[in-house]
Structures are given as C-alpha cells and as structure tokens.
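Enquirer: I'd like to go over a predicted model; first the sequence, then the structure.
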Amino acid sequence: MPDTQFHLLGTPGAPAATGFDAYREQGGYTALQRAVTTMSPDQVLAEVHASGLRGRGGAGVLTAEKLALVAQSTEDAKYLICNAYDADPRSLIASTLLSSSPHLVIEGMALAAYAVGAAEAFLFMRGARQEVADAVHEALREAQEHGIVGRGVLGSRFSFTITLAGADMGFMAGEETALIQILKGRPMKAQQRPPYPTDYGIFDKPTIMQNVETLANLPAIVTRGGDAFRRIGTPTTSGTKLFTVIGPKGGAGVVVEVAVGATIAEALRAAGIAASEASARAVSVGGMEGGVLPLAQLNTPLDFESLEDAGTIMGSSVIEVLPVGACLVHWAMSRAEYLSRETCGKCVPCRVGVKRVAGTLQGISSSIGVQGDLALLEEFAHYIPDGSLCGFGVNAMHPVVTAMKYFADDFSAHLEGHCPTGECAPVRAHRYVTKHVL
C-alpha cells in the first residue's frame, strides 16, 4: 500500500473529498496557500525537482524539467493545459480523479501555473462524460467563490483562471500537439517537434502541458516536500501510479493505486482480480498501444524501464487480463484494426503502415497467411515508428511485436491452417472444376 500521505485516491476507507469544505477539512489548498504567500515560483520548482516526479501521461519526462522550460521563458504570456482526456477508451484514470477529487486537480493546476508564471489554464477532458463535467463545473464554481481561482488567489498577487474544454475525438486527441490543434480550432493533426509546446503552444505562446495525474501529485509534494515523495517508488521513478485494471471477463474495470515498481501481480491483487492459468492466458499492459506478456511475467515491475525491457509501455496505464481462450493473433489484429482507424493520417508510415499491418494480420487470422507475412510485420515494426511524427506511430507496433515474440506458436498454428484456441474462423478454400465445352 502506498504512503497514505501521497495517496491520490484519498485515504483508504475515507469518503471522497468532492466538495470544497470536505477537501479543506482534509488539508486541501494548504499547499497553494503556502506557495503563493511564502514561496517563490523557483522554490516550488525546487520541490518538484527534488521529488523526481515524472510525467504520468506515457513518456515519463521529468516534470520539473518541462516546468522549468516555460518558467525560464521571457514571453509576456504563458499557458497551462491539463490533459485530462482519457485517450484510451477503457481508461478511467482521468475521469476518476476529476469526479472524486476535482479540487485536488484544480490545486495541482494552480501550483503548476504559479511555478511557471501562467495566468490562464485549460482543462481538457472527454466531453461525453457529463457527470464528470458537472463535478468539475461545481468545483470550479466553489474555487472561484473561495478565492482559489480568479484575481488575487488567496489574497496574493497571483491571478489564475481555468477554462474547461471537452471533446470526444478518438485516441489521437490525447497527443499533446494534436490536443493543442483542437484548442486552436484546427484539424486534429500531430505537429512536427521542434518547436515544442514549451516554446510554441496555445496562441503560439509557451505552454506547459501536463497529464492530470501528474498535476494531482503537486499539492502533496509542496506540502510534505519533494524528498519525502522520492522515498516512494523506484530510484528512477518516484511516487505512486494509477492503473485501470480489467479482468478476463471484461467489464468497465477498476482504478487502483500502487507504488511505482509494484509488480503486475500486485496491481491485479489490489483490484481483486486473479490471473491463473485456469482463467487467463496473458496480460496486456499499456492500453491499446501496449504490449502483451505471458503469465510468467506477472512479476514484472510497473515502472518505465522494466516495462520497456519487457517490450511494452506504461502508456495509458490500462492492465487487461486476457481470458484463457484468447488467440494472440486475433488480439493483435483487433488492436491493429483499432489503431488503423485512430491515426490522424498525417504521416504516411503511420497512415498506410498500420492499415497494412491490420490487413496482414487479418490474413494470418483467417489462416490464409504465408510465412513471408511474419517478415513483413517485422519490417513494419521498424518502418512505422521510425517514420512517425508522434508517439502514436512510435508505439503502434507494441501489440504486434510482443504477440509475435511471446506467442509465436499462435502465429505458426495459423500459418499451418488452424487457430490454436478456436477463436478465429478460417477462410476455407474451395476448388472449382471448370468444364470446357468443345
């Protein structure tokens, strides 16, 4: 169990602090009060740097380094974007934080804005989750009423506003440059970097974009100190991590919080989900672009480096247990089909390559594939990531590569004409006899 002082989901067993009064009673806005009245922006940055906090949005960049890039800018206007968009359709992390702890998110945004000198922020979330949006609207109303948001935050010289924006534009809307294009009212296309958003973002001004889970860690770091935060987790990634865990029977999943470095098995136990050979065949980590691992690797630590070594990613932090009858060719094909629909289409290797991968897997799944298809997939495993502008294309091949690596027998069986689990329906060849009329 993570240190409850740094527990994003609140103290276990305690009621959720959704309202302003309840949040204040649990120590909420203490960090912001301390920051804007007794600390300089540089001192806030120093605590974040001491914490070793890494971005929770997938790439794992050190948060203090990104904040410092915007803080050092001499531009007259700077902006903050909180990425609370659950890009993965099954991820519940952002919506859980926004609905159960909206004031925690607001305080984290205010602290980041104060540290970099931003006076205006945007909170971007899934637009269709109306109950979540209602909770955020109410929290923003309460925050403005109590001087948390607006002019002269908590009686200081710091002013700060938040604009709530919601949209449902598929997986790519979570990519930072595509998200900025949406806020600009432009087509959702990934952009070449550099320039990075920290130099040239919303309104062409320096913009700090942070994942909602990253920002939610800031209040505790400022209150209790970065050194205390660093004592949780691993030497390279400190703190706790939220995961959406889905069992072998599917369903909506459950959000759990574990210390970074806890194993996959420990996260499953926290969710009350068993993964034995009697009920499961494999486990997928990282969401729609994550890889699949055999049950023998359930003791893999949930940190950036260990997951990368195993062939997968932290990604959208979705852990899914695949049922015992799952065919990994079919699973990889389903992922490729989904990703081929979700690409923004700007990069040819991504737009064409992922669709070609999906088609190749459809052929193998139907047992009409040939041995050369495996070599083609391996070629695309390099071609697509190397030629893509953003993380979508860079990570798109993880499902296929790990399925081929750890479940090669599934592919071999299909090339021999049958599905090892019976999940796939083969295309049967028919012989036609042509009668020649003389």
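Expert: Here it is on my side, so go on. Everything numeric in this text was worked out from a predicted model, so none of it was measured.
Enquirer: give me the number of residues near Thr74?
Expert: By other C-beta atoms under 10 Å, 6 other residues sit near Thr74. In this view, the C-beta of every residue, glycine as well, is placed from N, C-alpha and C.
Enquirer: likewise Ile384?
Expert: 27.
Enquirer: with the one 10 residues further on instead?
Expert: By the other C-beta under 10 Å criterion, the neighbourhood of Val394 contains 18 residues.
Enquirer: middle-most residue in the chain, spatially?
Expert: Ser316 (2.8 Å; C-alpha atoms, centre = their mean).
Enquirer: I'd say it and Asp88 touch.
Expert: Yes: the criterion here is C-beta atoms under 8 Å, and Ser316 meets it with Asp88 at 3.7 Å.
Enquirer: who's Thr240 bridged to?
Expert: Taking DSSP bridges as the rule, Thr240 bridges to Ala259.
Enquirer: hmm, it is touching Phe6, no?
Expert: Yes: assessed by C-beta under 8 Å, Thr240 is found in contact with Phe6 at 6.1 Å.
Enquirer: my guess is Tyr29 contacts Gly147, does it?
Expert: No: using C-beta under 8 Å, Tyr29 is not in contact with Gly147, being 9.7 Å away.
Enquirer: ok, these two, which is more surrounded?
Expert: Taking other C-beta under 10 Å, Tyr29 and Gly147 do not tie; Tyr29 has more neighbours (22 against 14).
Enquirer: which regions of the chain sit below the pLDDT cut-off?
Expert: The model of the chain has pLDDT under 70 over residues 1-5, 10-15, 428-438.
Enquirer: 50 - rerun?
Expert: Low-confidence segments of the chain (pLDDT under 50): 1, 429-438.
Enquirer: now for Ser316 and Asp88: what residues contact both?
Expert: Residues touching both Ser316 and Asp88 (C-beta atoms under 8 Å, 6 or more residues apart in numbering) are 174, 244, 287-288.
Enquirer: one step back: overlap in contacts of Tyr29 and Gly147?
Expert: Counting by C-beta under 8 Å, 6+ apart, the residues touching both Tyr29 and Gly147 are Leu154.
Enquirer: tell me the SS of Ser412?
Expert: Look at Ser412: counting by DSSP: H, G, I helix; E, B strand; the rest coil, its state is helix.
Enquirer: make that Leu80, sorry
Expert: Counting by three-state DSSP, the backbone at Leu80 sits in strand.
Enquirer: that one contacts Pro206, doesn't it?
Expert: No: counting by C-beta under 8 Å, Leu80 does not reach Pro206; the two are 10.1 Å apart.
Enquirer: neighbour count winner among those two?
Expert: The neighbour count for Leu80 versus Pro206, taken as other C-beta under 10 Å, is higher for Leu80 (29 against 25).
Enquirer: how far away is the more buried one from Ala165?
Expert: 13 Å (C-beta to C-beta, to the nearest Å).
Enquirer: and if you look at Arg230?
Expert: 33 Å.
Enquirer: returning to what we had before: shared neighbours, Leu80 and Ala165?
Expert: Contact criterion C-beta under 8 Å, 6+ apart; residues shared by Leu80 and Ala165: Phe122.
Enquirer: that's a strand at Gly28, yeah?
Expert: No: assigned with three-state DSSP, Gly28 falls outside any strand and is coil.
Enquirer: got a list of what the residue lying closest to it once chain neighbours are set aside touches?
Expert: Spatial nearest neighbour of Gly28, chain neighbours left out: His103 (5.5 Å); criterion: C-beta to C-beta, 6 or more residues apart in numbering. Counting by C-beta under 8 Å, 6+ apart, His103 makes contact with 17-18, 20, 23, 28-29, 139, 142-143.
Enquirer: can you turn the buried part of these into a ChimeraX selection?
Expert: Burial among the contacts of His103 is assessed by 16 or more other C-beta atoms under 10 Å; the matching ChimeraX selection reads:
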select :17,18,20,23,28,29,139,142,143
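Enquirer: got the contacts of His103 as CSV, with secondary structure columns?
Expert: Listed next are the contacts of His103 as CSV, based on three-state DSSP:
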residue, secondary structure
Ala17, coil
Thr18, coil
Phe20, helix
Tyr23, helix
Gly28, coil
Tyr29, coil
Ala139, helix
Glu142, helix
Ala143, helix
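Enquirer: which single one of the contacts of His103 is nearest to Pro349?
Expert: Nearest to Pro349 among those: Ala139, at 42.2 Å, using C-beta to C-beta.
Enquirer: tell me which residues touch the spatially closest residue to that closest one that is not a sequence neighbour, please.
Expert: Leaving aside its chain neighbours, Ala139 sits nearest to Pro102 (3.5 Å; criterion: C-beta to C-beta, 6+ apart). By C-beta under 8 Å, 6+ apart, Pro102 lies in contact with 18, 135-136, 138-140.
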